[in-house]
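>>> Provided below for reference: sequence and predicted model.
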Amino acid sequence: MTKWLENHLPKMVLAPSFIAVLIFVYGFIAWTAWVSLTRSKLLPRYEIDGFIQYDRLFDSPRWDTAFGNLFIFGGLFIGICMVLGLALAILLDQHIRVEGAIRTIYLYPMALSMIVTGTAWKWILNPGLGLEAMVQGWGYPNFSFDWLVDPDMAIYTVVLAGVWQSSGFVMALFLAGLRSVDGEIIKAAQVDGIPTWRIYSAIIIPSMAPIFLSAFIVLAHLAIKAFDLVIALTGGGPGYATDLPATYMYAMAFSRGDIGQAASSAMVMMAVVFAIVVPYLYSELRVRND
Amino acid sequence: MAPILDISKLQKSYGATHVLKDINVQIDEGDFLVLVGPSGCGKSTLLNCIAGLEPITGGSIHIGGRDMTHVSPKDRDIAMVFQSYALYPTMSVAKNITFGMKVRGVDQATQEAKLADVARQLQIEKLLNRRPGQLSGGQRQRVAMGRALVRDPKLFLFDEPLSNLDAKLRVEMRSEIKKLHHSMNASIVYVTHDQIEAMTLATKIVVLKDGVVQQIGSPSEIYNKPANLFVADFMGSPAMNLIPARAEPEGGATRIEIDREGAAPIILHDPHASGLPRDIILGLRPEDIAEAGFRAGEDVQEAQCLVDMVEPAGADTYVMSRLGGTGVTARLHAETIARPGEQMTLAFDLGKVSYFEPGTGTRLN
Amino acid sequence: MTDVTATHAPAQAVRPARSWGKTALRWILYIVLGLFALWYLMPLFVMLTTSIKTLEEIRTGSLIALPRDATLEPWAKAWSGACTGIQCEGLRPFFWNSVILAVPSVLISTVIGALNGYVIAQWRFKGANIIFALMLFGCFIPFQVVLLPMARMLGLMGIAGTIPGLMFVHIIYGLGFTTLFFRNYYVTIPSELVKAAKVDGAGFLRIFVSIFLPLSLPIVVVSVIWQFTQIWNDFLFGVSFSSAGTQPVTVALNNIVNSTTGVKEYNVDMAAAIIAALPTLLVYVVAGKYFIRGLTAGSVKG
């Protein structure tokens, strides 16, 4: 009996978590998938009715904006964070005296809640009292910076705040990557008289491919989940101009009482994440199991 | 008296991969059994099976006369020393050694007495309050041994315990282990890939390859009468010369012909061999080929050979030649007159020769 | 500075003509790094200064001007008087909600994660890797996909709109990450340690408590910091699964900022934002090294 217990204790310890994950992740995904195929409104209904919710979703101009914004926001957010993060990491890698302090400053926004970040930038970008007013006060009365209330430009303020929050983290990732490159290779290149920029472009950066992938995955994940930032910064406005799938889903679920739409939009988000994360996880786990 | 360890018909497989096939080994009390073989031969797996750390697929394991096949490691009355020493990093040396007794509920006074005993025996009294991270490799090795000794088990298991030490320390610890074995009359199963360790320590050697026992015997049996080509090649450094040759019956004796490039074949006569097939592999250790005139005996036969290379190694000088299409090494005295590119007469001691079947590799004499 | 460069490129030491350009480059480098430091610090600076200005000064002065006569009144109001909708008790009750929510959730998810990681890394059994992969994927799902069923589930369990309900949600969805942290940490510990302890007679729990736990301090810190930051900064679960009295601080902050009653008090908003950010900022300042390790642990091969 004790021997049986000793043999099965590890499995018994893991079992509750496993069951929880099965129910609360996979079971719930299945539930949402099911409901996305019904005519659920305020309350969920369970009679399957085909892809009607998806038809409605892709016919909806609001979803159109939200889904389009995901790619504008996601593309710019990921792209700028990567470029800025890499540039800052390379600059910081030049034997800087106060590196520790600078790193701390670059990275602290990552500790903040997106709500705090959004609140701060909302105030800074406030056309009447923020940056615009400040520059006008400096003697440029025609200066205009009202992206926050401009439906065409508001999404870029979300990008701005997002980059401010996350680029330091990307910098830290890349810096760690730069430091992990074999020092002897760099010394050999220096002895060969290869200029520093060539060492970076030809030796160090190509060897960091896994870090680029990791940074991309983390950023893509942040971009798709971005919800709080939009809520705090623009509230999805002006109008629906800065809606993202995440805010669309939330609005449908909790203020519009349209569970069918909420479920179908959540499933589309899920599909996007799936397309990005599954190949990544697959390759990671396969390498680890070898 | 029942053997202290009796492994019978042991099988071990992971899914479809058979890592150990029909292992049968017995050792008596006081035996020092060395499991030796190249990496991946299954020797560590076998040791883990003996310890109960890996379940076995078939067969049985008896320790001290009791069936331990399905008994958990803690109840097998064994102690084990690991390759990485596996010292508990957050515990002091003293705690490392007494942890097992503490888990088993041995009273404090006994723990301390045994600890003091073992510490004195291994000369680690001054280290007792240190953490493993503060010890040198040799000191860690001693602590790991201490942890095993304090158990006073029926059977000690050693898993390549010296492979993480530098060469000098390895030789020191080797003789220390040998001394311990003598003074305690302990029964030991010891895994290594180092054939010199196997030769120096063992009272009994098991040579393993691909999960199959190649030969079981005393060190001298293994060395002098290898059961097959693999054992002949694996044990001994430099390795045994394995020279393709032809055998022909010659009355009650055998005439052996070894081809060589650019000269007539070497002809040797072995009066003791008979019934050999036509094609054979002749095995002769480097020390059984000497400079003519330096080896006496009725079975010593001489032949002219072309010296390819001369490697002085201090006490000995190794001389390389080519016979039967393969490199042959002879171990000569340090003052040999051998010069590369010159002919010299070598003495082959056929009293020490081994013959093998080229296809199956099995021993013929 | 120049001597540092010299040691790395000794060839340049004999050509003093180049070192002029080097010095100039160095200056540009420091200026660029400094400008970026300003850009990262600016919002914090603006928040701080705005939070101690009077409304009058905010209306007339410049965004980045230092306050002329500093006042702590906005802070007092943000803490205990600002309105979150109809309630006007400031952030205080919600701040404590977040504390009550975060502490047990962090501890429980860390303990479970440690045990899970220990099993997956050191007691491998058939299927353990599949279970790990399934749990890992749970870290990456967009939580929108579980919001609806979770709302119903909490209702069925009778804990909808309560702090224990929110705790439950955070523990469940934190497990993937805590398990990942501990698994990746424990997998680097040689398995011979477990074997040695087994031969010594120790069992599953004994080995965990006597050998693995004492080794785990660094990864416990990483896990605690990560979970604390996640839970404290969470907004989605908070806004979806709490009710009027049980909201966490992020939701309350958003309500204060967007409350439409009365005059817009930017100084109070900023004070409230800083209060809501303080705990995680503090954690970052005190244990930044572990914070970064947590961020990178999930993304870089362990």
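Perfect, I can see it now.
>>> for chain C, which helix is longest?
Longest among the helix segments of chain C by residue count, using DSSP state H, is helix C:16-51.
>>> can you give me the buried ones in that one?
C:26, C:30, C:33, C:36-37, C:40, C:42-44, C:46-47, C:49-51 (16 or more other CB atoms under 10 Å in any protein chain shown). Backbone N, C-alpha and C define where each C-beta goes, glycine included.
>>> how about stretch B:50-65?
B:50-54, B:56, B:59, B:61-64.
>>> can you redo those residues as CSV with secondary structure and distance to residue B:176?
Shown next, in CSV, are those (DSSP: H, G, I helix; E, B strand; the rest coil; distance: CB to CB, whole Å):
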residue, secondary structure, distance to residue B:176
B:50, helix, 23
B:51, helix, 23
B:52, coil, 27
B:53, coil, 26
B:54, coil, 29
B:56, coil, 32
B:59, strand, 34
B:61, strand, 29
B:62, strand, 30
B:63, strand, 25
B:64, coil, 26
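>>> which of these sits closest to residue B:203?
residue B:50 (17.1 Å; CB to CB).
>>> you'd agree the closest one is up against residue B:157?
Yes: counting by CB atoms under 8 Å, residue B:50 does reach residue B:157; the two are 6.2 Å apart.
>>> mind listing the shared neighbours of these two?
Jointly contacting residue B:50 and residue B:157 under the rule CB atoms under 8 Å, 6 or more residues apart in numbering or on different chains are B:78, B:189.
>>> on that earlier part again, and the longest helix of chain C, how far out from the chain middle?
27 Å (CA atoms, centre = their mean, to the nearest Å).
>>> shaky segments in the chain?
All of this is about chain A. A:1, A:284-290 (pLDDT under 70).
>>> my bad, chain B
B:1.
>>> near chain C, which residues of it are found?
B:48, B:51-53, B:72-74, B:78-80, B:82-84, B:86-91, B:99-100, B:103-104, B:147 (CB under 8 Å from any CB of the partner chain).
>>> from those residues, list the buried ones, please.
Taking 16+ other CB under 10 Å as the criterion, what is buried in those is B:48, B:51-53, B:72-74, B:78-80, B:82-84, B:86-88, B:90-91, B:99-100, B:103, B:147.
>>> can you give the domain ranges for chain B?
B:5-234, B:241-356 (automatic domain parsing).
>>> how much space between the residue of the stretch 251-365 of chain B with the smallest separation from chain C and residue B:229?
Per CB to the nearest CB, residue B:361 is where the stretch 251-365 of chain B lies closest to chain C, at 34.8 Å. Going from residue B:361 to residue B:229 by CB to CB, to the nearest Å gives 4 Å.
>>> okay, the two: which has more neighbours?
Between residue B:361 and residue B:229, residue B:229 has the larger neighbour count (other CB atoms under 10 Å in any protein chain shown), namely 21 against 18.
>>> mind listing what that one touches?
Residue B:229 sits next to B:242, B:281, B:283, B:356, B:361 when contact means CB under 8 Å, 6+ apart.
>>> most centrally placed residue in the chain?
Chain wasn't specified; assuming chain A. The structure's chain A has its C-alpha centroid closest to residue A:222; by CA atoms, centre = their mean the separation is 1.6 Å.
>>> wait, I meant chain B there
residue B:198 (2.9 Å).
>>> show me the helices in the stretch 1-150 of chain A, by range?
Here the stretch 1-150 of chain A has its helices, by DSSP state H, counting those that start in this stretch, at A:2-21, A:28-35, A:52-59, A:61-92, A:99-107, A:114-124, A:131-137.
>>> and the third one, C-alpha only, in CSV?
So that's helix A:52-59. Presented in CSV, the C-alpha positions along helix A:52-59 are these (Å, rounded to 0.1, in the frame of the first residue of the first chain):
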residue,chain,number,x,y,z
ILE,A,52,-24.0,32.8,-38.3
GLN,A,53,-22.0,34.6,-35.6
TYR,A,54,-18.9,34.6,-37.7
ASP,A,55,-20.9,36.0,-40.6
ARG,A,56,-22.3,38.7,-38.4
LEU,A,57,-18.8,39.4,-37.1
PHE,A,58,-17.1,39.8,-40.4
ASP,A,59,-20.1,41.9,-41.6
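>>> do it and chain C meet?
No: using CB under 8 Å from any CB, we find that helix A:52-59 stays clear of chain C, coming within 12.6 Å at best.
>>> may I have the phi/psi pair for residue B:189?
phi -120, psi 130 (degrees, to the nearest 10).
>>> near chain B, which residues of chain C?
So chain C meets chain B at C:190, C:192-193, C:195-202, C:206, C:210-211, C:214-215 (CB under 8 Å from any CB).
>>> one step back: turn the domains of chain B into TSV, columns for distance to residue A:91.
Shown next, in TSV, are those (distance: least, CB to CB, whole Å):
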stretch	distance to residue A:91
domain B:5-234	37
domain B:241-356	57
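>>> deepest-packed of those domains, please.
domain B:5-234 (a mean of 19; mean count of other CB atoms under 10 Å in any protein chain shown).
>>> quick one: end-to-end distance for that domain.
This stretch, domain B:5-234, spans 26 Å end to end (CA to CA, to the nearest Å).
>>> chain center to that domain, what's the gap?
Counting by CA atoms, centre = their mean, domain B:5-234 is centred 14 Å from the centre of its parent chain.
>>> against residue A:34, how distant is residue A:56?
Taken as CB to CB, the span from residue A:56 to residue A:34 is 17 Å.
>>> which helix runs longest in chain B?
The longest helix of chain B (DSSP H) is helix B:167-184.
>>> now do that one: which elements does it pack against?
helix B:137-149, helix B:195-201 (3 or more CB pairs under 8 Å, 6 or more residues apart in numbering or on different chains; DSSP states H and E).
>>> now the ones you listed as TSV including distance to residue C:245?
Output for the helices and strands packed on helix B:167-184, formatted as TSV (distance: least, CB to CB, whole Å):
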stretch	distance to residue C:245
helix B:137-149	58
helix B:195-201	73
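>>> so what's residue A:16 up against?
By CB under 8 Å, 6+ apart, the neighbours of residue A:16 are residue C:112.
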